[in-house]
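**Q** The sequence and its predicted three-dimensional model are supplied below.
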Amino acid sequence: MRAGLTALLLWAGLAQAQEFTTLKGHGGPIMDIAVSARGQVASASFDNSVGLWQGRVPRWLEGHAAAVTVLAWGPGGMLASGGDDFAVRVWDVGEVGHEVPPDQVRGKLNQVRDDVGREVGRHLGKVAALAFAPSGRWLASGSWDGSIRLWPLEGGAARDLAAPGAAVNALAFDGEDRLLAATAAGEVLVFDLTGDGPPVRLVRHGFGVNTLALGDGWIAYGAVDGGTRVVDREGREIADFTLDRRPILAMDWHRGTQRLAVGDGQGYIMLVDTQDWRIARDFRATRNGPVWALGFGPEGAMIYAGGIDDVAYGWPVESLDRYAPGITGERSFLRAANEMGNGERQFMRKCSICHSLDPGPSRKAGPTLHGVFGRRAGTVPGYPYSGILDGSEITWSAATIDALFDAGPDHYIPGSKMPMQVIAAAADRADLIAFLKTATKGEADQ
């Protein structure tokens, strides 16, 4: 009884000590959040970067050439990241208050520099899933190219698992030799890593399964149709928390508090008590857009989330009901159309996630557009251009910007990092160019 009271008072103290927080500094939407056992928060962004947060102060890990889409913590301060550049990277970053024993981690990574990480390999498509084996011996990665690979962190060749038959959206180790995979075909598959045979189908949902969370003897999954279900290790249903909200995009489970967090496309975070399988809280985290990223703080007293904003947010779990939605979507194309002219609206929809209009360095995925008219392509100082633009003969003008969006970047500049998109209507392209002519001028040009 006394021990239980002590634990309750400790929990109450932790909850009271937590405050709402914002993690600012990224230059694009937040794609994933992972929190280590010691409380190190890592964020992945559309701006090609990983942020490590000591309080509200970021440390940037740069190495990906496109959006960073997924993160996973391993033992001893290992952090893995995957991205739209098809690459899997591992970073030896240590952890807050934790010295990494050289023989445990640094040797495994062959003295990798922690500022650039190490590319352990690539898929042929977007990397959407990562998971460390409990021992840290293997890192598993899954891709939209329909492949799953095991990367040995102690040396040796990578291992390809039997093809799952569809794009892979999530992975989770259930012990050292059992790997679960969620696929776009609506299945949860189980791979026995002691052999090379095909996977066993644990769940056939019917709609794509986006995310997984594992607890004590159970597996939770979230799907495109809003399905939020819990099954046992044999696939038998334990609970169904499906609401009229879709899709389910993110999950995280905290063992200490026995809470499962579920984020969806309509901006809600549902907290499920996994001791008695009930919805404990249902919090609207965003006014507009999805919750792509979720992670509990180490004591379970905080829940971190991210979405379309450039900012990640942390809320104290016990006082969620006191807070208005944090993720606003105001810097996205989801702003009300009547608040913008057509040229600005085209910019917000097609350009704003990657490009800033301000002078100076930017954390966005693309170079600043400040002073773009009359500038030769590939010449903003410090920006890592693709080879096709480095030394390009293109000079940006009304004519070349019109041609860029008429043909689409993939046709106008084949091989560039710019995403595939077209502005079909000539009037829309003209309005965008007129907006940019004003918005990209410096004070001396006004």
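**A** Received it, and whenever you're ready, just let me know what you need. Residues are numbered from 1 along each chain as shown.

**Q** and Ala427, how many residues sit next to it?
**A** Ala427: 9 surrounding residues under other Cβ atoms under 10 Å. For the C-beta atoms, the positions are set from N, CA and C on the backbone; glycine is no exception.

**Q** Likewise for Ala324?
**A** Counted with other Cβ under 10 Å, the neighbours of Ala324 add up to 8.

**Q** Next: Asp428.
**A** Asp428 has 17 neighbouring residues, counting by other Cβ under 10 Å.

**Q** Quick one: classify it as helix, strand or coil.
**A** For Asp428, the assignment made with DSSP: H, G, I helix; E, B strand; the rest coil gives helix.

**Q** Tell me how far it lies from Val317.
**A** Per Cβ to Cβ, to the nearest Å, Asp428 is found 45 Å from Val317.

**Q** same deal with Leu404?
**A** Taking Cβ to Cβ as the criterion, Leu404 is separated from Val317 by 46 Å.

**Q** Same check on Phe241?
**A** Taking Cβ to Cβ, one finds Phe241 at 17 Å from Val317.

**Q** got it, and Ala172?
**A** In terms of Cβ to Cβ, Ala172 sits 23 Å off from Val317.

**Q** quick revisit: could you check which of Phe241 and Val317 is surrounded by more residues?
**A** Neighbour totals were compared for Phe241 and Val317, and Val317 leads with 25 against 20 (other Cβ under 10 Å).

**Q** Just the pLDDT for the more buried one.
**A** Looking at Val317, its pLDDT is 95.

**Q** go on, Trp151?
**A** 97.

**Q** so Gly83 sits right up against Val127, yeah?
**A** Yes - counting by Cβ atoms under 8 Å, Gly83 does reach Val127; the two are 6.0 Å apart.

**Q** So which of the two has more stuff around it?
**A** Higher neighbour count among Gly83 and Val127: Val127, with 30 against 24, using other Cβ under 10 Å.

**Q** wait, the more buried one sits on Ala72?
**A** No - taking Cβ under 8 Å as the definition, Val127 is not a contact partner of Ala72, at 10.8 Å.

**Q** Where do the helices of the stretch 251-400 of the chain begin and end?
**A** Under the criterion DSSP state H, counting those that start in this stretch, the stretch 251-400 of the chain contains helices at 342-350, 398-407.

**Q** By mean pLDDT, show me the worst of these.
**A** helix 342-350 (a mean of 81).

**Q** From Val230, how far off is Ile238?
**A** 4 Å.

**Q** more crowded one of these two?
**A** Per other Cβ under 10 Å, whichever of Ile238 and Val230 has more neighbours is Val230, with 19 against 15.

**Q** Phe132 touches Trp138, doesn't it?
**A** Yes - the criterion here is Cβ under 8 Å, and Phe132 meets it with Trp138 at 7.3 Å.

**Q** what about the protein, any weak spots by pLDDT?
**A** Applying pLDDT under 70 to the chain flags residues 1-18, 95-116, 327-337, 420, 442-446.

**Q** okay, now the domains of it?
**A** Annotated domains of the chain cover 16-322, 337-445 [automatic domain parsing].

**Q** Tell me which of the helices of the stretch 251-400 of the chain sits nearest to Ala293.
**A** Distance to Ala293, taken as Cβ to Cβ, is lowest for helix 342-350 among the helices of the stretch 251-400 of the chain, at 21.9 Å.

**Q** Alpha carbons of that closest one, as CSV, please.
**A** Only the C-alpha atoms of helix 342-350 are listed here, as CSV (Å, rounded to 0.1, in the frame of the first residue of the first chain):
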residue,chain,number,x,y,z
ASN,A,342,-4.2,33.3,-56.4
GLY,A,343,-0.5,33.9,-56.9
GLU,A,344,0.2,33.4,-53.2
ARG,A,345,-2.1,30.4,-53.1
GLN,A,346,-0.1,28.8,-55.9
PHE,A,347,3.1,29.5,-54.0
MET,A,348,1.8,28.0,-50.8
ARG,A,349,0.6,24.9,-52.6
LYS,A,350,3.5,24.3,-54.8
